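[1] what shape does this take:
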Amino acid sequence: MVVPLSWPDGSQRLIQAKRLSEDHYAIKPLLAVQFTPLILTPSAPPLPRAANGAAAPNGSETPLVLKPPVWTEESNGRFPAAHRTAVRAGLMLHARSACLFSLAPKEIWTDAILPHVGYDAFAPEHGAAGVGAWGRA
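    Next up, the predicted model:
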């Protein structure tokens, strides 16, 4: 059985539980995930109807939209380990007085820059520089 599990720090993982006996299980973590509630957008244009006039799959004219989490100091634990590591490195660089990062106030980084960095910007499939996330519109 594969189930989502939320940890006390706010991170979420898919785990696999395999029953070994009546009261023993082998637990194996599979991957980090982030579940986000489905949100209806009131200003979205209506979905096109099928040729037979059927309504949208969810019974609504409004599409469902998944909003990615926005980074804050409080939500940092909900982000993938690579993202947290990159944020930690950036903030450590900011703390060094002889670094370009330290020229801007910390609030610029925490309130204006980091919340706009994509959730998967530092995912391994995007390479070291996170090219995949930065290049999206």
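[2] check which residues of stretch 85-104 are buried.
    Buried residues in stretch 85-104, counted by 16 or more other C-beta atoms under 10 Å: 86, 87, 91, 94, 101. Every C-beta, even on glycine, is put in place using the N, C-alpha and C of the backbone.
[3] where's the closest residue in space to residue 2 that isn't next to it in sequence, which helix or strand?
    Using C-beta to C-beta, 6 or more residues apart in numbering and skipping residues adjacent in sequence, the residue nearest residue 2 is residue 16, 5.2 Å away. Per DSSP states H and E: residue 16 is located in strand 12-21.
[4] show me where pLDDT drops low in this protein?
    Along the chain, segments meeting pLDDT under 70 span 36-66, 125-137.
[5] kindly list the longest helix within it.
    helix 81-95 (DSSP state H).
[6] which other residues reach the very next helix or strand once past that helix?
    With elements assigned by DSSP H and E, the helix or strand that comes after helix 81-95 is helix 106-107. Here helix 106-107 makes contact (C-beta atoms under 8 Å, 6 or more residues apart in numbering) with 91, 94.
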